Every structure is written in structure tokens, then in C-alpha cells.
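# Need coordinates for the following:
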Amino acid sequence: MNGTVSCRGLVYIYRLEGYDVVALGGVDLDIAPGESVALLGPSGSGKSTLLSLLAGLIRPAAGRAGVGDTDLAKATEAELARMRATEVGVVLQGAERNLLPYLTAEQNVRFAQRAARSHGATDLPQPRDVLALVGLLGVRGRLRQRPSELAPGERQRLALAVALAHKPGILLADEPTSQLDSRARDEVIAALEGVRRNGTTVVVVTHDPAVAAGMTRQVTIRDGRVGGEGSQGEEFAVVGRDGAVHLPPDVLALLPPGTRVRVHPRPDGTVLLAAATARPEYDHADDHPRHAQPTHYAREVA
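Residues are numbered from 1 along each chain as shown. As a prediction, this is how the structure comes out:
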């Protein structure tokens, strides 16, 4: 079970009304086995496109992407189908899209295992064990209920169970808590953490800060690229391979797009960003910049 993700210069372009639209413009991203990662960003930023690429549902236009042992750019359709059946679990947005309405909860999980068996998988978990992993086994009578008879949060956790039926190394979930109340959302977050603790890498697209906070790492997609990362409550800007940096919103309020910025490496290893109108004069005694009045904005980067 190889739960790694590696993207280098990943590009995806689609056609819209006769024009080429760049949905992803050079994504660099590494995810280690056992991590849980939230993909954040405004609508249209490319996060759901990235998830679809990692699931092998669409093909990259350029760059490299590896999921587990599969090279997504070179894989055949048969190899991608095998990857989804044995290595990757996918949860589409909206629980109902992942479930067969005429089967019970246990039967849905058992049915999902058929594709893995058709690709030679033999060491599959018992459906009850999968349902226990997402917290449904202890709910009396739920095994024999159909999706329409389950509460919304239970239905979403059943969708997770179906995606985990073949014991994948990576779980990819698109907005798994959309349209859930806070209690059901928290149940899904707890289920995702249980999945991670069980050894499966978890990648989630979400708009919900509470879901993102429940992951071990947060990655923000802006304008089709990785624009920032967060871990353990601390946020970081990310320098792209071309040297581009997406500045945090509070900095953009002071240095809006189009601002000319001077970059000053400093002896202590930090970097000073100063608007071009600011001309820092260094005090040679302590190597700290001092400005003439009026004071201009400058940003130190560790």
C-alpha cells in the first residue's frame, strides 16, 4: 500500500467556448504516506481539477504526476482503471453519487470490492471492518439499511466506506462535508482521521476551515498553482520553481498585484521585501534597514 503523491509542473488545460483555459498552471506538490491534506482555495482555483487528475479521471496536458506506483501521464486507460480499483479510493461530491440506492450499507461495500477482485486483489477487508473504520458498525441496524434510510452524516460516512472497500493507499474526497450540519461534519472529520491513523493517505478538497483544521496539512491552490501551505497552525508562502510567490492576503492589501518590489537578502538569512517607492538605507552597525519619513511598507521573510 503505497500512499505517495508527487506532482512536478502539472498542467491541465480545457476548452471553453472556443478558448483554452488553464485550470492548473504548474503544480508542484509532494504528499507523504499517512498524511492528511486539505486542498483549499476559491472556486475556480483548480483544486477539484487537481483531485480529478490524481484520481486518473482526466489527463494532464504537461508535467509529471505519480500516485502510488502509477505514472498518470504515461498510464494506459486499463492501468488507470486498475489504480482506482486497487490503489486509490475516490469520493465524489454528494454522497448519493457514490452509492447504489437499492443496496444496504453492507451490500454497497461488498459490491465496491468486486472491481478490486476483478483485478486480482485477494486480501480485502470484511465489509463490517470497513464500516467500523468510519464509525457505522456500532449504529444498530445500519448495516441492513439503504442509503435513503440513513442520516446525511451516516450516508456520507458510508460513501467513505465504499471508497475504502478495497483497502486503498490513498483516499481522495471532494467536499465530503458539504451540506452537512456541524455535528455530522464533525463525525465525518473524525472518520477521516480514523482512516489516516489506519495508514491511508487522505486528500480532501474543502471550503470548510473546520475540515481543513482537522487535516495534518493545508495546501492552498491559487490561480492553478500551490500558493501557500499550513501545518500545525502556521501558514507559509511557497516559492514556485519559477521563483513566483503568492503573497498572503494581508500582504497583498499593502502590496497589490502590479506593485514593483525590491528583494533584499540579509546577512541573518532573512529576506526583506520592500515596495519600490521605499529605499531602505542600511545601518551598517546592525544591518537593519531604516527609512526616511514617511515610513514605507517592508516585509521580512524568514
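# For stretch 74-81, which residues meet the burial criterion?
Within stretch 74-81, the residues that qualify as buried are 75, 80, counting by 16 or more other Cβ atoms under 10 Å. For every residue, glycine as well, the C-beta is placed using N, CA and C.
# Which other helices and strands does the helix or strand where Glu79 lies contact?
Secondary-structure element containing Glu79, defined by DSSP states H and E: helix 77-86. Identification of packing neighbours for helix 77-86 by 3 or more Cβ pairs under 8 Å, 6 or more residues apart in numbering; DSSP states H and E yields strand 70-71, helix 105-118.
# Mind checking these for the one nearest to Ser182?
helix 105-118 (23.4 Å; Cβ to Cβ).
# Now do the SS call for Val195.
Secondary structure assignment for Val195 (DSSP: H, G, I helix; E, B strand; the rest coil): helix.
# Burial check on it, number of neighbours?
Residues contacting Val195 under the criterion other Cβ atoms under 10 Å number 23.
# try Ala116
Residue crowding around Ala116 was assessed by other Cβ under 10 Å; the count is 21.
# That one contacts Asp123, doesn't it?
No: with contact taken as Cβ atoms under 8 Å, Ala116 and Asp123 are classed as non-touching, separated by 9.7 Å.
# Give me the residues contacting the helix holding Glu79.
By Cβ atoms under 8 Å, 6 or more residues apart in numbering, the list of residues contacting helix 77-86 from outside reads 55-56, 67-68, 70, 72, 75, 90, 115-116, 118-119, 121, 166, 168.
# contacting residues for Ala105?
Under the criterion of Cβ under 8 Å, 6+ apart, the contact list for Ala105 reads 131, 136, 142-147, 150, 158, 161.
# what angle separates the helix or strand containing Ala173 from helix 77-86?
Here Ala173 sits within strand 170-174, counting by DSSP H and E. Between the axes of strand 170-174 and helix 77-86, defined by axes from the mean of the first three to the mean of the last three Cα atoms, to 10 degrees, the angle is 90 degrees.
# and the gap between Val211 and Ala78?
When Cβ to Cβ, to the nearest Å is applied, the distance between Val211 and Ala78 equals 34 Å.
# What residues of stretch 262-277 count as buried?
Within stretch 262-277, the residues that count as buried by 16+ other Cβ under 10 Å are 272-275.
# Point out the ones among those residues that are inside strands.
In strands, judged by DSSP state E, the following of the buried residues of stretch 262-277 are found: 272-275.
# follow-up on the earlier one: for the strand holding Ala173, name the packing helices and strands.
Using 3+ Cβ pairs under 8 Å, 6+ apart as the contact test, the elements touching strand 170-174 are helix 47-54, strand 88-91, helix 152-163, helix 182-197, strand 201-205.
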